[in-house]
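1. Here is a sequence together with a model predicted from it:
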Amino acid sequence: MNPPQTEALRMVRVSHPGISLWQSTVRQVVAQHIARGDISSRDVARHPLVQAADAYAFNALSKPMEVKAPPPAGDVGPDRLFEVAYAHAQNLVERTTSFAESIGHFANLDPLFVECIFDFVKWYWLAHRKPEYRDWKQSASGTNFGVVDHLIPGDAKVGLIGDWGTGMDDAGILLERLLSDHSPAVLIHLGDIYYSGTPFEAQHNFGAVLDRVRADLHLSSTDLRVYTLPGNHDYYSGGIGFYRLIDSLNQGGSGQTASYFCLRTSDGSVQFLGMDTGFYDRDPGVGFDADRVAPKIHDSELEWLLDKINGFPGKTILFSHHQLFSSHSALNGLNSGRVPYLNQALLDAFRPSFDRIAAWFWGHEHSLMIFEDGQFGLKKGRLIGCSAFETVEGDDPYSINFPQVKQRSPAIQLGRDGDWYNHGCALIDLGQRSISYYQMHSWLEDQPQPTPDLALLFSEQFA
């Protein structure tokens, strides 16, 4: 099964680190040869090798694959090209000699494809080392590590986007509209730079888009402070791109020093706490591992977060990439012994402090969902993973697979423009103590005229 030609430019995502690395590698190699490194170029998206990599990932969505030994030498048809190369490349990590003997069978292939193989091996090796992680216990700053020095005004506006790092045109327009229409002082991204968070992707799909929008709106890094969390895709290449990115986002005392952060208001009324759930989701997702358990966070990080929540006199707003609960997606595998719709480790960790938590926002699912207040004791749980990734009607992000998790009634849902669901974002207005949710038409081809606007979908108050 191949992706329809009408969807040739659609991002094809599969929550599997190896396959995502293939997609990242092929795009980067092709871009360096035909587009001066611009992985967002439409010429790159239409290149036969890139489309073949996406077709391979597309097939993986409907038929989870296990890594097998390379097939015997012989003629390999184009329909099995990526399967064979993927198997050979993985085998190289463990059996270099075997790969060296078989590499001759690729001699007559496109040199770009051979380059992809070797670049993939590099990233595969890096991804299977223990990723970088900055533990506050290793810092002389102690529990002050990760706390942003510069405070924000008590009436500031904070923009929220999730799963935004696609580099696609409509992702840039959504950010431009959010910043130009509402002038937030802070932007928080809930994680995932596609396909596997390589430094190249972190630069082109996040940093460069952010810089371009800032320049167009004449905003400096002091006008807009940006913080981001690592999702599972950010760690598929070992987290290297993520840490380079956060080290460059803000200046001086506004900087983000770790994969978790604490940002506070000058009047001491509200603090924003981000956590790192991506580190423990570097392996295949539920579709590939029936024993999988929803990701936890580091024990030391939990200690740090609880210290901030319980020691702060005001209200806390939490952020994570992964969900606390879901009505649509399974968080735990069938053989895990856990209920599929709940991250029990996170619930057990934070439920004793729910009276101090005004709201918890997460991404990971490419949708927007307003859950019923008070779910599992949490005042407000909100899904915002819809800021850039293209979701087609057939994906049906609003199908309810776990009715134990209740949505707000009447349900708040993104609209559709043809077959594609709209993109969304949110704005926290501290002065008004409000949270507003917006949507914007998405598209795959050239930018529509006129450029779509953000439209208010829903607004609520928080205490």
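-> Thanks, I have the structure now. Numbering: from 1, shown residues only.
2. Please make it C-alpha for all contacts and neighbour counts, starting now.
-> Will do.
3. quick check: domain ranges of this structure?
-> What automatic domain parsing lists as the domains of the chain is 5-127, 136-461.
4. Out of those domains, which is the most enclosed?
-> Comparing the domains of the chain by mean neighbour count (mean count of other Cα atoms under 10 Å), domain 136-461 ranks first with a mean of 20.
5. From the chain's centroid, how far away is that domain?
-> From the chain centre to the centre of domain 136-461 is a distance of 8 Å (Cα atoms, centre = their mean, to the nearest Å).
6. Helix or strand with the lowest mean pLDDT in this protein?
-> Confidence across the helices and strands of the chain bottoms out at helix 96-102, with a mean of 45, counting by mean pLDDT, DSSP states H and E.
7. per-residue confidence averaged over the helix or strand that it is followed by?
-> Read in the C-terminal direction, the helix or strand following helix 96-102 is helix 111-127, with elements assigned using DSSP states H and E. Confidence over helix 111-127 (mean pLDDT, whole number) is 75.
8. for stretch 444-462, same thing?
-> Averaged across stretch 444-462, the pLDDT comes to 86.
9. From the opening residue of it to its closing one, how far?
-> End-to-end distance of stretch 444-462: 36 Å, with Cα to Cα, to the nearest Å as the criterion.
10. now stretch 259-271
-> 17 Å.
11. And for that stretch, what's in contact with it?
-> By Cα atoms under 8 Å, 6 or more residues apart in numbering, the surrounding residues in contact with stretch 259-271 are 133-134, 146-148, 151-154, 228-230, 243, 272-276, 308, 313-317.
12. low-confidence ranges in the stretch 151-300 of the chain?
-> Scanning the stretch 151-300 of the chain with the threshold set as pLDDT under 70 gives 284-288.
13. now the helices for it?
-> Counting by DSSP state H, counting those that start in this stretch, the segments of the stretch 151-300 of the chain that form helices are 169-182, 199-201, 208-216, 232-235, 240-249, 299-311.
14. now do the stretch 301-450 of the chain
-> 344-350.
15. show me what contacts the residue nearest in space to the middle of the chain?
-> Among the residues of the chain, the smallest C-alpha distance to the mean C-alpha position (Cα atoms, centre = their mean) belongs to residue 192, namely 1.6 Å. With contact set as Cα under 8 Å, 6+ apart, residue 192 has these partners: 162, 163, 164, 165, 229, 230, 231, 232, 233, 234, 321, 364.
16. Recalculate using a threshold of 10 Å.
-> Under the criterion of Cα atoms under 10 Å, 6 or more residues apart in numbering, the contact partners of residue 192 comprise 162-166, 202, 206, 228-235, 242, 278, 321, 363-364, 385.
17. Return the subset of these lying in strands.
-> Within the contacts of residue 192, residues falling in strands by DSSP state E are residue 228.
18. closest one to residue 334 among the helices of the stretch 151-300 of the chain?
-> Each of those has some distance to residue 334 by Cα to Cα; the shortest is helix 232-235, at 20.2 Å.
19. isn't residue 433 right next to residue 462, touching?
-> Yes - when contacts are counted by Cα atoms under 10 Å, residue 433 is listed as touching residue 462 (5.7 Å).
20. what about residue 245, distance to residue 228?
-> Taken as Cα to Cα, the spacing of residue 245 relative to residue 228 amounts to 9 Å.
21. now swap in residue 426 and tell me
-> For residue 426, the distance to residue 228 - Cα to Cα - is 15 Å.
22. cool, and residue 338?
-> 29 Å.
23. Residue 341 now?
-> Plainly put, residue 341 is 25 Å away from residue 228 if you go by Cα to Cα.
24. go on, residue 145?
-> From residue 145 across to residue 228, the span is 16 Å (Cα to Cα).
25. Equivalent analysis for residue 459, please.
-> In this view, residue 459 and residue 228 are 24 Å apart by Cα to Cα.
26. Kindly report the same for residue 265.
-> Taking Cα to Cα as the measure, residue 265 and residue 228 are separated by 18 Å.
27. same thing with residue 44?
-> When Cα to Cα is applied, the distance between residue 44 and residue 228 equals 27 Å.
28. again with residue 161
-> Taken as Cα to Cα, the span from residue 161 to residue 228 is 9 Å.
29. Common neighbours of these two, please.
-> Between them, residue 161 and residue 228 have 187, 188, 189, 190, 191 as joint contacts when contacts are counted by Cα under 10 Å, 6+ apart.
30. Return the member of those nearest to residue 214.
-> Ranked by distance to residue 214 (Cα to Cα), those are led by residue 187 at 11.9 Å.
31. pretty sure the closest one is touching residue 164, no?
-> No - because the distance of 11.9 Å does not satisfy Cα under 10 Å, residue 187 is recorded as not touching residue 164.
32. any common contacting residues for the two?
-> Taking Cα under 10 Å, 6+ apart as the contact rule, the neighbours common to residue 187 and residue 164 are residue 175.
33. can you give me the strands for the protein?
-> In chain order, the chain shows strands spanning 157-161, 186-189, 225-228, 261-264, 270-274, 315-319, 357-362, 368-370, 381-384, 416-417, 420-421, 423-429, 434-440, 455-461, with DSSP E as the criterion.
34. The third one pairs with which strands, and in what direction?
-> Each strand that strand 225-228 pairs with, and the sense of that pairing, follows from DSSP bridges: strand 186-189 (parallel).
35. residues making contact with the strand it pairs with?
-> Contact with strand 186-189 is made by 152, 156-165, 175, 178-179, 221-230, 263, 272, 274, 319-321, 362-363, 384-385, 387, 425, 427-428, as judged by Cα under 10 Å, 6+ apart.
36. Adding distance to residue 369, write the shared contacts of residue 161 and residue 228 out as JSON lines.
-> Converted to JSON lines, those look like this (distance: Cα to Cα, whole Å):
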{"residue": "187", "distance to residue 369": "20"}
{"residue": "188", "distance to residue 369": "18"}
{"residue": "189", "distance to residue 369": "17"}
{"residue": "190", "distance to residue 369": "15"}
{"residue": "191", "distance to residue 369": "17"}
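37. wait, which of those is closest to residue 117?
-> Residue 117 lies nearest to residue 191 out of the shared contacts of residue 161 and residue 228, by Cα to Cα, at 27.5 Å.
38. Phi and psi next, for that closest one.
-> Summarising the backbone geometry of residue 191 under the convention degrees, to the nearest 10, its torsions are phi 110, psi 160.
39. from what I can see it touches residue 279, true?
-> No - shown here, residue 191 and residue 279 do not form a contact pair, counting by Cα under 10 Å, at 11.7 Å.
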